[in-house]
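S.K.: Everything below, folded, please.
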Amino acid sequence: MKITRVLLTKSYTGFYFDDQKAIKHNAQKDGFLYLGNPEIEGFKGIRVPGEAISIQLVLEDGSVALGDCASVQYSGAGGRDPLFLADDFIPLIEREIVPKLQGIDVTTFRDMAETFDNLKINGKKTHTAIRYGLTQALLHAVALKRHMTMAEVIKDEYGLSDPITRIPIFSQTGDDRYDNVDKMILKEVDVLPHALINNIEDKLGHRGELLLSYILWLKERIVSHRASTDYVPIMHVDVYGTIGIIFDNDIDRIVRYIKELGEAAAPFPLRLEGPIDTGDRKGTMEALKEITRRLDESHIPVEIVADEWCNNLDDIRYFADNRAGHVIQIKTPDLGGINNICEAIIYCKNKNIGAYSGGTCNETNISAQTTTHIAMACQADVCLAKPGMDVDSGYMIVKNEMERVIALIRSRNE
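M.R.: Predicted structure coming up:
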């Protein structure tokens, strides 16, 4: 089976690109927009529409394999690749990559993904978004050739023994952190609410009082409106390093505050993502390692999730080896080729570190569906509902894809 044609189109994502640096510096919110000047190179405003590049690989039998090149909401921050705009990168793909795809045989996913993930142009790897979308399309092509799901391809090629089953889904509220919680409670989402605590003035509070109040509200909301006491979701809040900012990166004060949050959340489990960001990889790793150690030694029942500066496969191994967090977010677009997602989940599980198959609200339905297959095949501990920030669309895409995959595999087995 050969690839006969490659089609590229400019696409839009399920959310927007945001200048994280400007937002952390208290950019003023105006409705859905932010006022002020952007601080990260390439941004024409603090919030700009998210873009992707859709790749269609037309195969010899007329079937079409799909992949979407997408990048994270906070592009250009935390050591990530720069802003990904379709008009800037379509010409490069057409010139440098399409000729290498047309006419080649579809072989195995691992071989093809390794080749294109490591492809260099002028001595440098291509943008993570390009590798992300292209390897999605290659996985889909192998699945079409072999007449099986993408999850089954991954399980087979990586020699995984666990059955392909449902895994917990994590949904995010975006800035609508109250009404969207109600949607999550109604749908009994496994992990909630993310809450987007990316600003001190309006969301965290200079002493952490706003987040503490929110955690107490969240607990009361779940208890008051859940259909059954059997519904016990995990609370997972992303604070984007802002706790470190308000406490001047003082680990003692940070740990005391985290303990207070855990007590407020009880009896629900609490995960805290990115409590500190020192502005560099090593410093952030060491700080998270120390926070994790102290929480464990003091038996404080809060799990730390590593995110910032833990971007690619090498970073994930580095954080996992040092136990810099109880759970590591595998931010799928940041890893480039989706083969690295497989490797990252497997590595974390072998190290007894939680594997959170994440990503970004700024993806597409195609990338969300593909990475759901990977999360299921590798049995990640949690999978992000994406794209978008409205709860319903992302949860629908990921949940429904899981159910379709399970039903199809079950029907074959029967």
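S.K.: And the contacts of stretch 21-35?
M.R.: Stretch 21-35 is touched from outside by 18-19, 36-40, 43, 45-47, 77, 175, 198-202, 240-242, 245, with contacts defined as Cβ atoms under 8 Å, 6 or more residues apart in numbering. All C-beta atoms are positioned from the backbone trio N, CA, C, and that covers glycine.
S.K.: For ChimeraX, write the selection for the buried entries among those residues.
M.R.: For the buried members of the contacts of stretch 21-35, the matching ChimeraX selection, counting by 16 or more other Cβ atoms under 10 Å, is:
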select :18,19,38,39,40,43,45,46,47,77,198,199,200,240,241,242,245
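S.K.: how is this protein carved up into domains?
M.R.: Taking automatic domain parsing as the reference, the chain has its domains at 3-157, 169-413.
S.K.: from the contacts of stretch 21-35, which ones fall inside strands?
M.R.: Of the contacts of stretch 21-35, the ones assigned to strands by DSSP state E are 18, 47.
S.K.: give me phi/psi at residue 121?
M.R.: phi -120, psi 120 (degrees, to the nearest 10).
S.K.: ditto for residue 361
M.R.: According to degrees, to the nearest 10, residue 361 has phi -60, psi -20.
S.K.: which residue packs closest to it, ignoring adjacent ones?
M.R.: residue 15 (4.0 Å; Cβ to Cβ, 6 or more residues apart in numbering).
S.K.: tally of neighbours for the one you found?
M.R.: Here the number of neighbours of residue 15 (other Cβ atoms under 10 Å) works out to 22.
S.K.: Help me confirm that it comes into contact with residue 387.
M.R.: Yes - contact criterion Cβ atoms under 8 Å: residue 15 and residue 387 qualify, at 6.0 Å.
S.K.: Pull up the overlap in contacts between those two.
M.R.: With Cβ under 8 Å, 6+ apart as the test, residue 15 and residue 387 both reach 360-362.
S.K.: ok, now which ones touch the residue sitting nearest the centre point of the chain?
M.R.: For the chain, the residue nearest the mean C-alpha position is residue 359 (1.7 Å; Cα atoms, centre = their mean). By Cβ under 8 Å, 6+ apart, the contact list for residue 359 reads 72, 331-333, 367-368, 371, 384, 386-387.
S.K.: any idea which helix or strand comes after the helix or strand hosting residue 183?
M.R.: Taking DSSP states H and E as the criterion, residue 183 maps to helix 179-187. Per DSSP H and E, the first helix or strand lying C-terminal to helix 179-187 is strand 191-194.
S.K.: Please enumerate residues in contact with the helix or strand following that next one?
M.R.: Per DSSP H and E, the first helix or strand lying C-terminal to strand 191-194 is helix 209-225. Defining contact as Cβ under 8 Å, 6+ apart, one finds that helix 209-225 is touched by 177-178, 181-182, 185-186, 193, 195, 197, 202-205, 231, 233, 235, 237, 239, 260-261, 264-266, 268, 270.
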